[in-house]
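[1] Okay, sequence plus prediction incoming.
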Amino acid sequence: MTLLHAVLYLSAALQPAAPLNVTLSIDAAGVGALGTVSPFLASMSIVYAWAPNAAGYANGTIARWANEHHLNTARYPAGMASYWNWENPSGMMGESTLSPEWIKSGSTPAPAPLWMDLEEYLSLCNATSMTPLIGAYW
């Protein structure tokens, strides 16, 4: 079994509420067990600006999918932590309401149905028993 296959197998096999203690061994001369695999390996990453309500967050489609695949955590706002202003998010990829250019331009945030806000994210985590993993850049 390759490392990729082991990761995919573990991702499909994890149970959200069950503690997991797995040792991953590499079949190579002189290399033994590498250690314990985190139960949070089975996760998803939510780019908040790319998570419109129509994508299934509002109607429960994503929650059902996360439960069916035994996801344990969801990273938010994913790769946008350096742009995400948790007090006043823009809802747009690569745009920060803290940026002097944003303020100077008089821009306004994207309409709320086009992106996932923090409350929606926490509701998703609650509905699926996932552990929140929130990135904040300050």
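    That came through fine. Residues are numbered from 1 along each chain as shown.
[2] Going by C-alpha atoms from here, please, whenever you check contacts or count neighbours.
    Will do.
[3] now the spatially closest residue to residue 121 that is not a sequence neighbour: how far from residue 87?
    Nearest residue to residue 121, sequence neighbours excluded (C-alpha to C-alpha, 6 or more residues apart in numbering): residue 76, at 7.6 Å. To residue 87, residue 76 is 14 Å away according to C-alpha to C-alpha, to the nearest Å.
[4] Tell me how many other residues crowd residue 115.
    Residue 115: 24 surrounding residues under other C-alpha atoms under 10 Å.
[5] still on that earlier bit, hey, what's the residue nearest to residue 121 bridged with?
    Per DSSP bridges, the residues bridged to residue 76 are residue 134.
[6] Could you double-check that it sits in contact with residue 46?
    Yes - in this structure residue 76 lies within contact range of residue 46 using C-alpha atoms under 8 Å: 5.3 Å.
[7] Neighbour count for these two, which is higher?
    residue 76 (24 against 17).
[8] Doesn't residue 82 lie inside a strand?
    No - counting by DSSP: H, G, I helix; E, B strand; the rest coil, residue 82 falls outside a strand, being coil.
[9] got a list of contacts for stretch 103-120?
    Residues outside stretch 103-120 that contact it (C-alpha atoms under 8 Å, 6 or more residues apart in numbering) are 48-54, 57, 86, 89-92, 97.
[10] one more time with 7 Å, if that's ok
    For stretch 103-120, the external contacting residues (C-alpha atoms under 7 Å, 6 or more residues apart in numbering) are 48, 49, 50, 51, 52, 53, 90, 91, 92, 97.
[11] Now stretch 93-111: buried residues?
    For stretch 93-111, a neighbour-count test (16 or more other C-alpha atoms under 10 Å) marks 95, 96, 97 as buried.
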